[in-house]
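S.K.: Pasted the sequence and its predicted model underneath.
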Amino acid sequence: MRLEDKIAIVTGGAMGTGQASALRFAQEGAKAAIVNVAGREGRQAEEMLREWEPECACTRLVTPAVSSFPFGVKKILFSLVSSFLDTH
């Protein structure tokens, strides 16, 4: 568990390379945070993570496509940190 007590924020984590990255981070012990604009795909990716890595602490955040702007990044970080502090 090389990434225990770490949070991996994976933008585009609902499919493809992003999804594979989120799974690998979870396998290494990180809390995997999937940030995506697609709600259905994000939900499916979260379910897949929980199925393949039942003990992982994972969450997802569906966000408008604003992650490239400083305000959007701050909002994403605040939401995810709050989520992990409240539930994990």
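M.R.: Right, received. Where do you want to start? Numbering: from 1, shown residues only.
S.K.: Buried ones in stretch 42-54, by neighbour count?
M.R.: 42, 45-46, 48-49, 53 (16 or more other Cβ atoms under 10 Å). C-beta: built from backbone N, CA, C; applies to glycine.
S.K.: I misspoke; the intended subject was stretch 16-34.
M.R.: 18-19, 21-23, 25-34.
S.K.: hey, which helix or strand in this protein has the poorest pLDDT?
M.R.: None of the helices or strands of the chain scores lower by mean pLDDT, DSSP states H and E than strand 58-62, at a mean of 66.
S.K.: ok, so what distance separates the residue lying closest to Gln44 once chain neighbours are set aside from Arg2?
M.R.: Nearest residue to Gln44, sequence neighbours excluded (Cβ to Cβ, 6 or more residues apart in numbering): Ala14, at 7.2 Å. As judged by Cβ to Cβ, to the nearest Å, Ala14 and Arg2 stand 24 Å apart.
S.K.: neighbour count winner among the two?
M.R.: Comparing Ala14 with Arg2 by other Cβ atoms under 10 Å, the one with more neighbours is Ala14, at 25 against 9.
S.K.: So the more buried one belongs to a strand, correct?
M.R.: No: read with DSSP: H, G, I helix; E, B strand; the rest coil, Ala14 is coil and lies in no strand.
S.K.: Verify the contact between it and Asn36 for me.
M.R.: Yes: judged on Cβ atoms under 8 Å, Ala14 makes contact with Asn36 at a distance of 4.0 Å.
S.K.: Report the central residue of this protein.
M.R.: Ala33 (1.6 Å; Cα atoms, centre = their mean).
S.K.: and that one, what are its phi and psi?
M.R.: Backbone torsions for Ala33, taken as degrees, to the nearest 10, come to phi -110, psi 110.
S.K.: ok so, going back, of all the buried residues of stretch 16-34, which two lie farthest apart?
M.R.: Maximum pairwise distance among the buried residues of stretch 16-34 (Cβ to Cβ): 18.8 Å, between Gly18 and Gly29.
S.K.: Strands along the protein, start to end?
M.R.: Here the chain has its strands, by DSSP state E, at 7-11, 31-36, 58-62.
S.K.: That'll do, ta.
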